[in-house]
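Enquirer: Sequence and predicted structure, then a few things I'm wondering about:
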Amino acid sequence: MSSIKNRKDNMSKTMTKYQLDHFKTKVKRNFNPLIEEQELLVKQYRAEATEKIVGKLAKKMGADKILNEFKKAEVQLRSIQDKARTFFKKKAEQSEDKKSNFNNYRFDQEEKLSLSDCEEQLKDWARELVDREIRRRPEGLKLKQLEDLKTKAIDQVMESGTPEELIQQLDNTTKKIGIAWVVDTSKIKQISSN
């Protein structure tokens, strides 16, 4: 008889799926804004640092000479393409008057490699260097800490036995980042209905 009572006591202390979902949602509600804010700081730093590093990286690798030649060649190519379009468009317009077959023309051949392809490759490499540096900077360390605490809090939700135990664990975890899991409402003034 006592084993049935113990089992009922244990069952009443375990959490339902809805309670677990509630706790996971609350963890995300508390951590996501902080993580998103830190990610914005990291993204801002990443963008600024990547722009600075691309030129230095290109120069260090010797790619700056190739990029400069590419830029000059593309300017010249665009000029020639514009001349060609004007020429062929003019010939096509003239051929409409004379009823010849010169009105069917198009330019569909593109170069396989462009300056922007080279620049994007350099930016990718620069981003990798910046990402390594970000992990050592305060912004990156704080972001990692927030993500780790969020993971720990979700683990606590899934591994906890009772709501009371979980609330205490989450309160201890969130205090590390200045969030009170259990909010003291006794100091809040009652809203009057006047």
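Expert: On my side now, so go ahead.

Enquirer: Could you report the neighbour count for residue 27?
Expert: 23 (other C-beta atoms under 10 Å). For every residue, glycine as well, the C-beta is placed using N, CA and C.

Enquirer: Would you mind confirming that it is in contact with residue 170?
Expert: Yes. At 7.2 Å, residue 27 and residue 170 qualify as touching, with contact defined as C-beta atoms under 8 Å.

Enquirer: which neighbours do those two share?
Expert: Shared contacts of residue 27 and residue 170 (C-beta atoms under 8 Å, 6 or more residues apart in numbering): 153, 157.

Enquirer: Point out where this protein drops to low pLDDT.
Expert: 1-13, 88-89, 91-113, 190-194 (pLDDT under 70).

Enquirer: can you pull out the helices in it?
Expert: 2-13, 17-61, 63-98, 115-134, 138-159, 163-175 (DSSP state H).

Enquirer: CSV please, covering those and showing distance to residue 189.
Expert: Output for these, formatted as CSV (distance: least, C-beta to C-beta, whole Å):
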stretch, distance to residue 189
helix 2-13, 35
helix 17-61, 24
helix 63-98, 65
helix 115-134, 44
helix 138-159, 31
helix 163-175, 24
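
Enquirer: So which of those is nearest residue 182?
Expert: In terms of C-beta to C-beta, the element of the helices of the chain nearest to residue 182 is helix 163-175, at 5.2 Å.

Enquirer: Next, work out how far apart the residue nearest to residue 15 when sequence neighbours are not counted and residue 16 are.
Expert: Excluding the flanking residues, the one nearest residue 15 by C-beta to C-beta, 6 or more residues apart in numbering is residue 163, at 5.8 Å. Noted for residue 163: a distance of 10 Å to residue 16, by C-beta to C-beta, to the nearest Å.
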